[in-house]
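A.B. asks: no sequence for this one, just the structure:
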């Protein structure tokens, strides 16, 4: 992951921020009227590419789009550094990866009742810490929101590395904040904070909430920087939001085939909450035995059985990253024609998504892969001068119980819409790479001036056909497919 830094010369006053927010309120009936006309600006190079020639000419600043049009946007006061998205009812939440205390740092709360005018209601900054990075999830069944926090007064990365190295602050979160949003999604109430520093001395990074909203799974991404006895994944009971408690842990040493400490990233859970799929990365080495997805039976955790525990069911690995560390990053679970699959992302230079049937998690294997032309290793020399990141990051599907479409935020390649009705032959049918938004308070390597980066989870709202996602620089986006997307499986368009 990349880091962000504050580049504003002066902090905004909190009172001034509140005044501006009060003036940003939206209204309206929340729908979109009529058919959205196609307004395509097609890519000029390879699929997903932002060519250096376009960056030099200024063409890249206009963005690229096919079959997708903008419905509404909130720039979140041009703060930049926006990473993860969560949602509940008509509210959206966007966290960020900023460093330092600042009035714009924290969880941006948006009212999306009017999708054409999403309004920024407030920014909630945790007293526990800052910099939630990718650790943000909502349990739709219960209205509980979880967000990572990095200590403001005693950052974990300092104790691990001996200095304030901003490049790894993002993966060293040491607390889990719990918010109640069930009563009013526009006013999150922080009801608890769980200290995870002793549980994960290497830092916390991955987070997923079970479908029933009662269990959160969290993981460390720096197990090799801590004692071998430390937990790798933990289950947290959040059935009483004000009293979160760890109820089970798993350690990479429990897998006798491992040759070294594993770093764990993110995962997903079966619809019944009984099987957990988690992506893991090589630790100190690029050991292929440690890179892919692990499947766990968590039914005893889901059922709150006595001696609830993780049970390793199976594993699948890959070696198709082109350069650098091997990674298992995002996992997307979905049923397609009543058959369960996971789509596992790599977040590396190379093949991005691995299609894995999981009818029998003990016998997982990759049956197909998908990548864009820009992220295809065979085209690495063509895109080398672009100075762009062409990795798939987070995902969403139109319907977990009967998926036809997977949405992927693809870093510099924008939002990609993939037809997965035939999971062995995935096809892209539309894309939306937003125009550049170069003026930001929080900046860094991802604060591009000639392009946008998108990295968040994606929401598809079947009732409107709208798609929600966050952009690092441009804030919160609502988009919709158009006729030029062509034939696809989306149920509401």
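C.D. replies: Yes, it's here. Every value quoted in this text rests on a predicted model; they were computed, and no experiment measured them.
A.B. asks: Run through the strands of the stretch 51-200 of the chain in chain order.
C.D. replies: Using DSSP state E, counting those that start in this stretch, the strands of the stretch 51-200 of the chain run over residues 64-66, 68-74, 82-88, 91-96, 107-111, 119-124, 129-130, 136-139, 144-151, 175-180, 189-195.
A.B. asks: Which elements pack onto the shortest one?
C.D. replies: Packing contacts for strand 129-130, counted by 3 or more C-beta pairs under 8 Å, 6 or more residues apart in numbering; DSSP states H and E, involve strand 144-151. (Glycine included, C-beta is placed from N, CA and C.)
A.B. asks: Name the strands paired with the strand it packs on and say parallel or antiparallel.
C.D. replies: When pairing is defined by DSSP bridges, strand 144-151 lines up against strand 129-130 (antiparallel), strand 136-139 (antiparallel), strand 175-180 (antiparallel).
A.B. asks: Quick one: these as TSV, columns for mean neighbour count and mean pLDDT too.
C.D. replies: TSV is the format used below for the strands paired with strand 144-151 (neighbours: other C-beta atoms under 10 Å; pLDDT from 0 to 100):
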stretch	mean neighbour count	mean pLDDT
strand 129-130	24	82
strand 136-139	24	97
strand 175-180	22	97
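A.B. asks: Go through the ones you listed and name the closest to residue 320.
C.D. replies: Using C-beta to C-beta as the measure, strand 136-139 is the one of the strands paired with strand 144-151 that comes nearest residue 320, at 28.5 Å.
A.B. asks: ok, residues contacting that closest one?
C.D. replies: Outside strand 136-139, the residues that touch it by C-beta atoms under 8 Å, 6 or more residues apart in numbering are 84-88, 93, 95, 107, 144-148, 181, 207-210, 212-214, 216, 238.
A.B. asks: do that again at 7 Å, thanks
C.D. replies: Outside of strand 136-139, the residues within contact range by C-beta atoms under 7 Å, 6 or more residues apart in numbering are 84, 86-88, 93, 95, 145-147, 207-209, 213.
A.B. asks: repeat for stretch 361-370
C.D. replies: In contact with stretch 361-370 (C-beta under 7 Å, 6+ apart) are residues 275, 293, 295, 313-316, 318, 351-358, 418, 423-424, 426.
A.B. asks: List the buried residues in it.
C.D. replies: Neighbour counts over stretch 361-370 (16 or more other C-beta atoms under 10 Å) mark 361, 364, 366, 368, 369, 370 as buried.
A.B. asks: Who is residue 73 paired with across the strands?
C.D. replies: Going by DSSP bridges, residue 73 forms beta bridges with residue 477.
A.B. asks: State the number of residues packed around it.
C.D. replies: 18 (other C-beta atoms under 10 Å).
A.B. asks: Check residue 113 too.
C.D. replies: 18.
A.B. asks: thought it was touching residue 92?
C.D. replies: No - using C-beta atoms under 7 Å, residue 113 is not in contact with residue 92; the gap is 10.8 Å.
A.B. asks: Between the strands paired with strand 144-151, which one is closest to residue 489.
C.D. replies: So among the strands paired with strand 144-151, strand 136-139 is nearest, using C-beta to C-beta, at 25.7 Å.
A.B. asks: Give me the distance from the closest one to the chain's centre.
C.D. replies: 11 Å (C-alpha atoms, centre = their mean, to the nearest Å).
A.B. asks: same question, stretch 399-415
C.D. replies: 11 Å.
A.B. asks: Now the terminal residues of that stretch, how far apart.
C.D. replies: Using C-alpha to C-alpha, to the nearest Å, the end-to-end distance of stretch 399-415 comes out at 18 Å.
A.B. asks: going forward, begin numbering at 759 instead of 1
C.D. replies: In the new numbering, first residue 759, that becomes stretch 1157-1173.
A.B. asks: buried sites along it?
C.D. replies: Those would be 1161-1173, for stretch 1157-1173 by 16+ other C-beta under 10 Å.
A.B. asks: ok, of those residues, which one's closest to residue 880?
C.D. replies: residue 1167 (24.5 Å).
A.B. asks: tell me the contacts of that closest one?
C.D. replies: Residue 1167 touches 1151, 1152, 1173, 1212, 1213, 1214, 1216, 1227, counting by C-beta under 7 Å, 6+ apart.
A.B. asks: Once you drop chain neighbours, what's closest to it?
C.D. replies: Nearest non-adjacent residue to residue 1167, counting by C-beta to C-beta, 6 or more residues apart in numbering: residue 1212, 4.2 Å away.
A.B. asks: residues in contact with the helix or strand harbouring residue 1099?
C.D. replies: Assessed by DSSP states H and E, residue 1099 sits inside strand 1097-1103. Strand 1097-1103 is contacted by residues 1026, 1028, 1035, 1037, 1051, 1086-1092, 1110-1117, 1150, 1153, 1164, 1181 when judged by C-beta under 7 Å, 6+ apart.
A.B. asks: now do stretch 1087-1094
C.D. replies: 1023-1028, 1035-1037, 1051, 1099-1105, 1151-1153, 1155, 1158-1161, 1164, 1178-1179, 1181.
A.B. asks: Of the residues you listed, just the buried ones, ChimeraX syntax please.
C.D. replies: Buried subset of the contacts of stretch 1087-1094, written as a ChimeraX selection, criterion 16+ other C-beta under 10 Å:
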select :1023,1024,1025,1026,1027,1028,1035,1036,1037,1051,1099,1100,1101,1102,1103,1104,1105,1151,1152,1153,1155,1161,1164,1178,1181
